[in-house]
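> Give the three-dimensional model of this entry:
(chains A, B, C and D)
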Number of protein chains: 2
Amino acid sequence: MDGPKRGASRAATIVDIARAAGVSKSTVSLVLKDSPLVKAETRERITRAIEQLGYVYNRSAANLRTARSSFVGMVISDLMNPFFTELAVGIEDGLHDLGFVPILANTNEDLARQSSVLQSLLEHGVAGIIMSPARGTDAWGLSQILPRTMPMVLTMRRVDGSPLPYVGPDNRTGSRDAVAHLISLGHSNIAFLGGDGTMTTQRERINGYQDALRAAGLPTPDDLIFDSMPTRVGGAEAILAALASHRRPTAAFCYNDIVAMGATRTLGLNGVRVGVDFAVIGFDDIVEAEHNAPPLTTVNADTRIMGARAARSLLGVIDGADPQTMSYTGKTRLVIRDSCGAHAPANLRETV
Amino acid sequence: MDGPKRGASRAATIVDIARAAGVSKSTVSLVLKDSPLVKAETRERITRAIEQLGYVYNRSAANLRTARSSFVGMVISDLMNPFFTELAVGIEDGLHDLGFVPILANTNEDLARQSSVLQSLLEHGVAGIIMSPARGTDAWGLSQILPRTMPMVLTMRRVDGSPLPYVGPDNRTGSRDAVAHLISLGHSNIAFLGGDGTMTTQRERINGYQDALRAAGLPTPDDLIFDSMPTRVGGAEAILAALASHRRPTAAFCYNDIVAMGATRTLGLNGVRVGVDFAVIGFDDIVEAEHNAPPLTTVNADTRIMGARAARSLLGVIDGADPQTMSYTGKTRLVIRDSCGAHAPANLRETV
DNA sequence: CTGAAAGCGCTTACAG
DNA sequence: CTGAAAGCGCTTACAG
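Here you go, the predicted model:
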């Protein structure tokens, strides 16, 4: 034989199997779900018929009947960002292990698109939704689209005022540790680069940045914060602004690795030796970070595991757990490589 | 009001709407599909009921009835590779525009996982499948899993002996152009780095590489081909092997950009100035390529557009077009940046 | 212009 | 251990 359902005009259904095996479709349904009720010999006959007819189970029909669904919506704000790619891979993996199947939607930071895919996900009967909200998502708008009963978890970005469970890293502590490290290296004039105030994540990371500064008795002037798009280009622009500013920082803690990579490249292009003349730290530890020139010191947030974690939280609320208890904040750890200058000879560092 | 289906114990259905509007469910169904048959006043009443009850259309039920599906399987061999991420984004976008919704499966080059997700996709009733096959996929195995009637298109990688339509770039011509460029720069001792013979794509790219060599009257020794994993690490290993070999090439054409980036980094670490002492060209033009140090000369294949193109091809075969006619080979173009040395001063290039 | 009826492919009590 | 019946939420001829 060379493949299922050869030449058949239409796909075999449970009743075709029943007829072929000389039983009722109820019995076929039982063997499909491995019920111990059916006699071995009958089961055998049915299994053979299934093989022979190349039967494939219609899960949608079953779902309709049982009012269950094995679909989960996975709404990603910017899949092209390696950070979110890794998150998506983690979610897909976690969902797969839990017997769910992800419907992917890349909103590309577009709120209109986000609304439309959310609506589409509802119509397609997903059991729940995992979403990294697009920039500017607001709690009220979300509640307008989604039935209150729709299980949902937010990941990597919070939505102000939303009661939905959130899974993500401890941005504040991670940032504090990174900036404390910069301070321990002798820096006191440290810029924050990238993102903008509409992103809850930026606010959290800035809080951590200021925590470290204050803990060291250093000032926290607002004009050391340089907003930008959270992209390579944004990083380039932000570092240029920082360099041109009257404060002339000697180090920068960046909103994320992409921004840090844009900044290090621009620094290099301008003859500034990153890790020697200037220190840079990123956030996320995307796979590219260690291949950056120079390799990037950054805050690892176990993005992939976090994705799988989000899948498990969603499953929890699908199974009726109190959403309030399904939030999860992941630990972070600073990964020291070359861009912060910790490995540079002390005499060189003196010149900073 | 603050959101659909507030407090409702179960979701409203078409019959709830019918009851609320005082019509039959047939009529409700008609307005749902914008039929011109129903009287304006009736439609109005029904629309209002839909609003009020926060009704959401159950597309799965409709699909069951009409034997149609708006799901498409998107099976990706390695989502973490930026090249495939870009492909996935293109596919998702194309599918979205065509009214389909992608179910994502990342096989991670694992054949067992690929078989299992393919089976799962069937059970979930997808209308078709777009797949970049995992390494080692064979035509016969595929035909065992998939009904002959399942619409499917292969993308970016062919499967030997499979009659399925294929959408991807013109690997051979793209490679020929790249290597011809290296030759025009004065190189005659050019290595091919990365991939292995189980990948149809590698064979195609090697063919193009040899085409260019032959066209210039140059030899095409097999020991200038250095197989490796198609990853950064693979690129590092391959370039080391090339450098250690008795042929000592002065330039390398790489299987893809990731390999090229691994190679350029290793070269740099060993004090070889890429674009000056040694020329490197990649393939794919992933977004990171232009941010590489030095910026990578590479073959652009319009990956994103190719993804959207694959979506359209799939829709063609779903709509009954002859699969034979749905293949598509995309044009490529060489993007010259710094890693090939074309921009290096001629006197420096002399030293190669 | 609108309604009654049948049916898509399953599952699930309920009988026997 | 197995079968008959009802029903999940829709659509689609077919009447009227």
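> roughly how far is stretch A:116-130 from the heart of the chain?
Computed by Cα atoms, centre = their mean, to the nearest Å, the separation of stretch A:116-130 from the middle of its chain amounts to 18 Å.
> do it and chain B meet?
Yes: counting by Cβ under 8 Å from any Cβ of the partner chain, chain B is contacted by stretch A:116-130 at A:Val117, A:Gln119, A:Ser120, A:Leu122, A:Glu123, A:His124, A:Gly125. In short, each C-beta sits where N, CA and C put it, glycine included.
> Next, the distance between the ends of that stretch.
15 Å (Cα to Cα, to the nearest Å).
> which among the residues of stretch A:116-130 next to chain B end up buried?
Judged by neighbour count, with 16 or more other Cβ atoms under 10 Å in any protein chain shown as the criterion, the buried members of the residues of stretch A:116-130 next to chain B are A:Val117, A:Ser120, A:Leu122, A:His124, A:Gly125.
> Am I right that the last one is in contact with A:Ser69?
Yes: shown here, A:Gly125 and A:Ser69 form a contact pair, counting by Cβ atoms under 8 Å, at 5.0 Å.
> follow-up on the earlier one: list the ones among the buried ones among the residues of stretch A:116-130 next to chain B that fall in strands.
Applying DSSP state E to those, no entry is found in strands.
> Show me what stretch A:233-252 is in contact with.
When contacts are taken as Cβ atoms under 8 Å, 6 or more residues apart in numbering or on different chains, the neighbours of stretch A:233-252 outside the stretch itself are A:182, A:185, A:187, A:189-194, A:221, A:223-224, A:226-229, A:254, A:258-263, A:265-267, A:270, A:272, A:278-281, A:340, A:352.
> Which of these fall within strands?
Secondary structure assignment (DSSP E) places A:Ile190, A:Ala191, A:Phe192, A:Leu193, A:Phe226, A:Cys254, A:Ala279, A:Val280, A:Ile281 from these within strands.
> which one of those residues is nearest A:Ala18?
Distance from A:Ala18 was checked for each of these by Cβ to Cβ. The minimum falls on A:Cys254, at 63.2 Å.
> wait, isn't that closest one in contact with A:Thr266?
No: shown here, A:Cys254 and A:Thr266 do not form a contact pair, counting by Cβ under 8 Å, at 11.9 Å.
> who has more neighbours, those two?
For A:Cys254 and A:Thr266, the more surrounded residue by other Cβ atoms under 10 Å in any protein chain shown is A:Cys254, and the numbers stand at 35 against 20.
> JSON lines for the residues of stretch A:116-130 next to chain B, including pLDDT and distance to A:Asp211?
Compiled in JSON lines, the residues of stretch A:116-130 next to chain B are given as follows (pLDDT from 0 to 100; distance: Cβ to Cβ, whole Å):
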{"residue": "A:Val117", "pLDDT": "96", "distance to A:Asp211": "37"}
{"residue": "A:Gln119", "pLDDT": "94", "distance to A:Asp211": "40"}
{"residue": "A:Ser120", "pLDDT": "94", "distance to A:Asp211": "41"}
{"residue": "A:Leu122", "pLDDT": "94", "distance to A:Asp211": "40"}
{"residue": "A:Glu123", "pLDDT": "93", "distance to A:Asp211": "45"}
{"residue": "A:His124", "pLDDT": "94", "distance to A:Asp211": "43"}
{"residue": "A:Gly125", "pLDDT": "93", "distance to A:Asp211": "45"}
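> what residues are up against the most centrally placed residue in chain A?
Residue closest to the average C-alpha location in chain A (Cα atoms, centre = their mean): A:Leu87, at 3.4 Å. With contacts defined as Cβ under 8 Å, 6+ apart, the neighbours of A:Leu87 are A:Ile76, A:Ser132, A:Thr155, A:Met156, A:Thr303, A:Arg304, A:Met306, A:Gly307.
> Select from those every entry located in strands.
A:Ile76, A:Thr155.
> Residue of the stretch 51-200 of chain A closest to DNA strand D, please.
Minimum separation of the stretch 51-200 of chain A from DNA strand D (Cβ to the nearest atom of the strand) falls at A:Arg65, amounting to 3.4 Å.
> Could I get the full set of strands for the stretch 1-150 of chain A?
Chain-ordered strands for the stretch 1-150 of chain A, with DSSP state E, counting those that start in this stretch as the definition, fall at A:71-76, A:101-106, A:128-131.
> If I look at A:Phe84, what pLDDT would I see?
Turning to A:Phe84, the model gives it a pLDDT of 97.
> quick one, what contacts it?
Contact partners of A:Phe84, counting by Cβ under 8 Å, 6+ apart, are A:Ile76, A:Ser77, A:Asp78, A:Ser132, A:Met156.
> Show me which pair in those residues is furthest apart.
Using Cβ to Cβ, the pair of those lying farthest apart is A:Asp78 and A:Met156, separated by 10.6 Å.
> which of those two has more neighbours?
Applying other Cβ under 10 Å to A:Asp78 and A:Met156 shows that A:Met156 carries more neighbours, namely 25 against 19.
> ok, the more buried one - contacts?
With contacts defined as Cβ under 8 Å, 6+ apart, the neighbours of A:Met156 are A:Phe84, A:Leu87, A:Ser132, A:Val167, A:Gly168, A:Thr201, A:Met306.
> What of A:Arg337?
Contact criterion Cβ under 8 Å, 6+ apart gives A:Ala289, A:Glu290, A:Pro294, A:Pro295, A:Leu296, A:Thr297, A:Thr298, A:His343 as the residues in contact with A:Arg337.
> Write out the residues of chain A neighbouring DNA strand C.
A:10-11, A:13-15, A:25-26, A:29-30, A:32-33, A:55-58, A:61-62, A:64-66 (Cβ under 7 Å from any atom of the strand).
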